[in-house]
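K.L.:
need a structure here:
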Amino acid sequence: MRIGLSSSLKHDTPSQWAEKMKELGCGAVVFPVDYTAPEELIEAYAGAAKKAGLVIAEVGAWCNPVAPAETERRAAMERCIGQLKLADKIGANCCVNIAGSTGSRWDGAYKENFSEEHWEKTVKSIQEIIDAAAPVNTYYTIEPMPWMVPKDPEEYERLIAAVDRERFAVHMDLANWITSPEKYFNNEDFMEKCFDKLGSHIKSCHIKDVCLQAEFTFQLKETACGEGILNLEKYARLADRVNPQMPMIIEHLHSDDEYLESIAYLKARLEKAGVRMCN
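P.N.:
Prediction:
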């Protein structure tokens, strides 16, 4: 596996960025500029990553291609296509987004997110993005979310079949699918199910943790690695079994210092467990 950070950390040049990531023990990176950046800057970052031996794990789209407002939807589709073309050009493992929501918040929870109409819009949007970008070196992927398509590995299998595009694949964020006491307390069994069903399609992973809160009613909180109960060693081994070069990206921390602490902690924990890491 290859650990990476969703943050590009503070840096002044592409070469400094890549060198810093390498020094931290990263084997993978998230591309730090988008498709609207100057061509020479895109080439500089891609070249710096390649020179340092860093896998570009993902290019993020992070927008709502099924937004109810037409202007927002069109802008999101343009961004998704542009980001997927960028990912293909630089040889990233994937371009990642979420399916999108039916409401005003792009990643929000709404009852209509689970309607048949929204399912059909989701399938169509993914098909249109892939067909317009026509990638040959990368994949368009959807990150699992707790309150929208795909809500579990079975629904992701169904989505893959419905989209029916060779360049549609899986981005795994296991923590986002821990949504019940059964999944929380039996997270090792749930991990196995996810990788049994989707493993061959997974192109990149996020790695973080989940902690059950004491307050009523049932509440789960996403946390930094080690502050919850997920068996991160098992998660890493399952990912490694699929692809020994699998990127596992630490995300959603609040400062450079937190990212530095988290990667040091995760590396030490996985090394102690004998998990192989590439850098």
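K.L.:
what's the distance between stretch 158-170 and the middle of its chain?
P.N.:
Relative to the centre of its chain, stretch 158-170 is centred 16 Å away, using CA atoms, centre = their mean, to the nearest Å.
K.L.:
Could you report the neighbour count for the nearest residue to residue 67 once chain neighbours are set aside?
P.N.:
If the residues on either side of it in the chain are set aside, residue 67 comes closest to residue 73, at 4.3 Å by CB to CB, 6 or more residues apart in numbering. C-beta here means a position set from N, CA and C on the backbone, and glycine is covered the same way. Burial of residue 73, expressed as a neighbour count using other CB atoms under 10 Å, amounts to 18.
K.L.:
just residue 67 next, same as before
P.N.:
22.
K.L.:
do you know how far it is from residue 173?
P.N.:
According to CB to CB, to the nearest Å, residue 67 stands 21 Å off from residue 173.
K.L.:
same check, this time on residue 65
P.N.:
Distance of residue 65 to residue 173, computed by CB to CB: 18 Å.
K.L.:
which of the two has more neighbours?
P.N.:
It is residue 65, of residue 65 and residue 173, that has more neighbours when counted by other CB under 10 Å, with 27 against 22.
K.L.:
That one contacts residue 77, doesn't it?
P.N.:
Yes. Here residue 65 reaches residue 77: they are 5.1 Å apart, a contact under CB atoms under 8 Å.
K.L.:
overlap in contacts of these two?
P.N.:
Each of 125, 129 lies in contact with both residue 65 and residue 77 under the rule CB atoms under 8 Å, 6 or more residues apart in numbering.
K.L.:
my read is residue 40 is in a strand, agree?
P.N.:
No. When classified by DSSP: H, G, I helix; E, B strand; the rest coil, residue 40 is found to be helix rather than part of a strand.
K.L.:
Number of residues surrounding it?
P.N.:
Residue 40 has 7 nearby residues by other CB under 10 Å.
K.L.:
Give me the pLDDT value at it.
P.N.:
Listed pLDDT for residue 40 reads 98.
K.L.:
how close does it get to residue 256?
P.N.:
Taking CB to CB, one finds residue 40 at 26 Å from residue 256.
K.L.:
ditto for residue 114
P.N.:
In this structure, residue 114 and residue 256 are 38 Å apart, going by CB to CB.
K.L.:
again with residue 73
P.N.:
As for residue 73, its distance to residue 256 is 35 Å (criterion: CB to CB).
K.L.:
And residue 109, by the same measure?
P.N.:
Per CB to CB, residue 109 is found 31 Å from residue 256.
K.L.:
what does residue 268 give?
P.N.:
19 Å.
K.L.:
More neighbours: which of those two?
P.N.:
residue 256 (15 against 11).
K.L.:
Tell me, how many residues neighbour the closest residue to that one other than its chain neighbours?
P.N.:
Nearest residue to residue 256 in three dimensions, chain neighbours excluded: residue 9, at 5.1 Å (CB to CB, 6+ apart). Residues within reach of residue 9, counting by other CB under 10 Å, total 16.
K.L.:
can you check residue 50 too?
P.N.:
Neighbour number of residue 50 under other CB under 10 Å is 14.
K.L.:
Would you agree it falls within a strand?
P.N.:
No. In this structure, residue 50 is helix, not part of a strand, as judged by three-state DSSP.
K.L.:
What segments of the stretch 151-279 of the chain are strands?
P.N.:
Taking DSSP state E, counting those that start in this stretch, the strands of the stretch 151-279 of the chain run over residues 168-173, 202-207, 209-212, 220-223, 247-250.
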